[in-house]
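> Generate a structure from the sequence data that follows.
(chains A and B)
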Amino acid sequence: MKGWKGIVVVAITLWISAALQQSMVNRLSLFGMEPDFLLISLACLAMFYDRSGACIIGFLTGALYGAIDFANLTHYVISRTTAGFCAGWSKELNLQGTILVAAVTTALTTVFARLVQMFLVPPSLITPFLGATIRTAVYNGVLAVPVYLLLKRVMGPSPR
Amino acid sequence: MQSAARTNGKVDLFGRVVQGVVNPPANLFTSMANGASDFQQGIFHARSLKAENRTLKSQMASVALYTETMDRLNQEVDSLRKLQNFPPIQGKEKVPADVIGFFPYENRLTISAGSNEGVNVGQPVVTPDGLIGRIQVVTPTTSQVLLLSSPEPTNRIGAIAQRNPPSAGLLRGESATTYLLEFNDPKAPVASGDLVVTSGFSEHIPRGIPIGRVIQVDDNVEFGKRQAKVYPSVNIGTVREVFVLK
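This is a model prediction of the structure:
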């Protein structure tokens, strides 16, 4: 999707995701799993764009995350941009744009982004971080289904 | 640039713009979630809520009897400290605030009180169960709380394990569910189950605020130190309202 409609949809999606990320993460925590709304949006939006478009969305996602979190922007920007690149790259696999693909893409994007982040800013304890990453990936994969369906309705079918 | 601003307790321009755009819908989502949660509580727990309300009313009546005496004694303490040229005791005034953001991997909370309410960098943030962290960044209407669980090297506070004699050490975050209390004395008296509270050896944090309980004690023979693992008294995931002590 290109043009103004695409830009507006991306802007609104990221805006709402950032607000949800800021306000709802602890309320939607389930069995120790915490969603990452910005990563869900990144992965789902990346399915409608090519690699460069997905990279830009990843960059914006990382910058947004760092800004609302008052965290260091660098590691968020790098991890989300590379994750966006990979999510956009998956387009070349010529997979059908189904909810299953959306769920798997989102889960893998989550794992990839968190692993890059882990190498840039090593957490104090690696094992709990990896456990939390896997739990978040599963949760994100589930939440990606309605997000993808909504985006598909607004933006038209995914071009894959 | 962002980190430098944060170190100084301020927000950079980009952060201010993004916060300005994101905060209104985030506040809306928070109040919607609070409303839904309260409604659900009201529907399913009406009986216990009514009983709780009755208990709280009777407790409030009892508290009112002591409040006047407490205020008078506090004023006496203040005036005596002033006569002796001691500074006033910090942390006696509580600023209530809602939690409007939670970032578990960054160990931060965003709360709905800022410099307009007199919040400053370094002030402690508490819940009725105990201390959760300190103010790190302040904007006019919101603040960022760095949780005790953060392993950032600067995030250390004085704490004591409450026993006779009390042993004082430095507490730092280890993970979301564990803090580490380090004693320079390798024979510091501490054992599992001890209550850990703030030591008060700080400009902003008063003495005696609960932090957690000791769950494990280890000796670091190499450095001649004793370490105690502390389980927090506050479950951060369920915190909705906090107080900033100023």
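> which non-adjacent residue is nearest B:Val95?
B:Val244 (4.3 Å; CB to CB, 6 or more residues apart in numbering or on different chains). For glycine as for every other residue, the C-beta is placed from the backbone atoms N, C-alpha and C.
> Dihedrals phi and psi, B:Arg134?
phi -130, psi 150 (degrees, to the nearest 10).
> Looks like B:Pro189 contacts B:Gly169 (just checking).
No - using CB atoms under 8 Å, B:Pro189 makes no contact with B:Gly169, being 11.4 Å away.
> overlap in contacts of those two?
Shared contacts of B:Pro189 and B:Gly169, defined by CB atoms under 8 Å, 6 or more residues apart in numbering or on different chains, are found at B:Ala161.
> what does chain A have sitting close to chain B?
For chain A, the contact set with chain B under CB under 8 Å from any CB of the partner chain comprises A:15-16, A:18-20, A:22-27, A:29, A:34, A:63-64, A:66-73, A:123-125, A:128, A:132.
> Would you state the helices of the chain in chain order?
The chain I'm using is chain A. A:3-23, A:37-46, A:51-69, A:73-89, A:99-120, A:126-155 (DSSP state H).
> should've been chain B
Counting by DSSP H, the helices of chain B are B:2-7, B:13-44, B:46-83.
> As JSON lines, those helices with distance to B:Ser199 would be great.
Putting the helices of chain B into JSON lines (distance: least, CB to CB, whole Å) gives the following:
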{"stretch": "helix B:2-7", "distance to B:Ser199": "25"}
{"stretch": "helix B:13-44", "distance to B:Ser199": "33"}
{"stretch": "helix B:46-83", "distance to B:Ser199": "19"}
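> Dump those into CSV; add mean neighbour count and mean pLDDT as well.
CSV is the format used below for the helices of chain B (neighbours: other CB atoms under 10 Å in any protein chain shown; pLDDT from 0 to 100):
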stretch, mean neighbour count, mean pLDDT
helix B:2-7, 15, 62
helix B:13-44, 15, 85
helix B:46-83, 10, 86
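> Select, out of those helices, the one closest to B:Phe102.
With respect to B:Phe102, and counting by CB to CB, the nearest of the helices of chain B is helix B:13-44 at 10.4 Å.
> Remind me what the closest one packs against, helices and strands.
Applying 3 or more CB pairs under 8 Å, 6 or more residues apart in numbering or on different chains; DSSP states H and E, we find helix B:13-44 packed against helix A:3-23, helix A:51-69, helix B:2-7, strand B:94-103.
> of all these, which lies closest to B:Thr139?
Ranking the helices and strands packed on helix B:13-44 by their distance to B:Thr139 (criterion: CB to CB) puts helix B:2-7 first, at 11.1 Å.
> Report the contact partners of A:Ser52.
By CB under 8 Å, 6+ apart, the residues touching A:Ser52 are A:Gly88.
> that older thread, ok, which of the helices of chain A comes nearest B:Leu65?
Once the helices of chain A are compared by CB to CB, helix A:3-23 is nearest, at 40.0 Å.
> If I take the closest one and helix A:51-69, what angle do their directions form?
30 degrees (axes from the mean of the first three to the mean of the last three CA atoms, to 10 degrees).
> how far does stretch B:82-101 stretch from start to finish?
This stretch, stretch B:82-101, spans 39 Å end to end (CA to CA, to the nearest Å).
> Next: stretch B:146-163.
OK, stretch B:146-163 end separation, CA to CA: 28 Å.
> For that stretch, list every residue counted as buried.
B:Leu146, B:Leu147, B:Leu148, B:Ser149, B:Ser150, B:Asn155, B:Ile157, B:Ala159, B:Ile160, B:Ala161, B:Gln162 (16 or more other CB atoms under 10 Å in any protein chain shown).
> Next: stretch A:88-101.
By 16+ other CB under 10 Å, the buried positions in stretch A:88-101 come out as A:Gly88, A:Ser90, A:Lys91, A:Gly97, A:Val101.
> isn't the last one right next to A:Ala87, touching?
No - checked against CB under 8 Å, the pair A:Val101 and A:Ala87 is beyond contact range at 11.1 Å.
> joint contacts of the two?
A:Met47.
> Nearest to B:Phe103 among the buried residues of stretch A:88-101?
Among the buried residues of stretch A:88-101, and counting by CB to CB, the member closest to B:Phe103 is A:Gly88, at 26.2 Å.
> List the residues that contact the residue nearest to the spatial centre of chain A.
In chain A, the C-alpha nearest the mean C-alpha coordinate belongs to A:Leu39, at 2.0 Å (CA atoms, centre = their mean). Neighbouring residues of A:Leu39 by CB under 8 Å, 6+ apart: A:Thr61, A:Arg80, A:Ala83, A:Thr106, A:Thr109, A:Thr110, A:Ala113, A:Thr136, A:Asn140.
> how far away is the closest residue to A:Met118 other than its chain neighbours from B:Ser175?
In this structure, A:Met118 finds its nearest non-sequential neighbour in A:Phe129, 6.2 Å apart by CB to CB, 6+ apart. Distance from A:Phe129 to B:Ser175, counting by CB to CB, to the nearest Å: 9 Å.
> what's the burial count for the residue nearest to A:Met118?
Neighbour count of A:Phe129, defined by other CB atoms under 10 Å in any protein chain shown: 18.
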